[in-house]
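Student: sequence? don't have it. structure:
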């Protein structure tokens, strides 16, 4: 599937689209550099984020989420735990990403059980937000076709422009358009197309530097079909935090 992942915390908006077509080396080099630098955030450590969903009717929902992550070679493991509101407290999402696709497990306190999120379920909304479960993954897109377009101004600087067309028929997005900051290699804007229709737009709002890394402290996803917006703001970040492997065992969710 053709995606740019935007985990709510560790691995913030980590872009892992990595095409491998020899006839598009310029586009490939740009996106490879973005992925290699992990330019948008940290893949190891702990963070707390505030996630706000604003609906078309004016209603809002707000969550506080703790994210813990670790990088193991090419693999990344992450565990998201809902702290607030009380109705969702204790809900957890475990993502075990090998670098070539991820396994996901959702734990619900009401049932005391975890269940896998797989197949078409990854295209469902994550906890009612404008992000799907698949949007939260770090995906490569070696089956995609990348094209570099003319550079454009964005975020007070200049951005590379790269389009990636999907060849995977299971992908919900046939085309992803990226604006990547030339100075930082941050994906400052990403457009997701379903056929010829612009379905969603991801945009970076606030760039910060901590512990020698530049990352997106806040970003938002606009869902053009339902007229809603989900905003993610990092309120704390510790890239040095480390955890035992056991907390990334699906059998330990809820503990």
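Tutor: It's in. Predicted model only: the values in this text are computed from it and were never measured.
Student: tell me which element the spatially closest residue to residue 241 that is not a sequence neighbour is part of?
Tutor: Distances taken as Cβ to Cβ, 6 or more residues apart in numbering place residue 46 nearest to residue 241, at 4.0 Å, with adjacent residues excluded. (Each C-beta comes from the backbone N, C-alpha and C, glycine too.) Residue 46 belongs to strand 45-54 when elements are defined using DSSP states H and E.
Student: what is that strand packed up against?
Tutor: Judged by 3 or more Cβ pairs under 8 Å, 6 or more residues apart in numbering; DSSP states H and E, strand 45-54 is in contact with strand 60-72, strand 228-238.
Student: isn't the residue nearest to residue 241 up against residue 78?
Tutor: No: using Cβ atoms under 8 Å, residue 46 makes no contact with residue 78, being 10.4 Å away.
Student: do you know how far residue 253 is from residue 126?
Tutor: Distance, residue 253 to residue 126, using Cβ to Cβ, to the nearest Å: 16 Å.
Student: can you check residue 231 too?
Tutor: From residue 231 across to residue 126, the span is 14 Å (Cβ to Cβ).
Student: name the residues linked to residue 234 by a beta bridge.
Tutor: When assigned by DSSP bridges, residue 234 has beta-bridge partners residue 49.
Student: my guess is it meets residue 210, correct?
Tutor: No: applying Cβ under 8 Å, one finds residue 234 not in contact with residue 210, separated by 9.3 Å.
Student: neighbour count: the two, which is higher?
Tutor: Taking other Cβ atoms under 10 Å, residue 234 and residue 210 do not tie; residue 234 has more neighbours (24 against 14).
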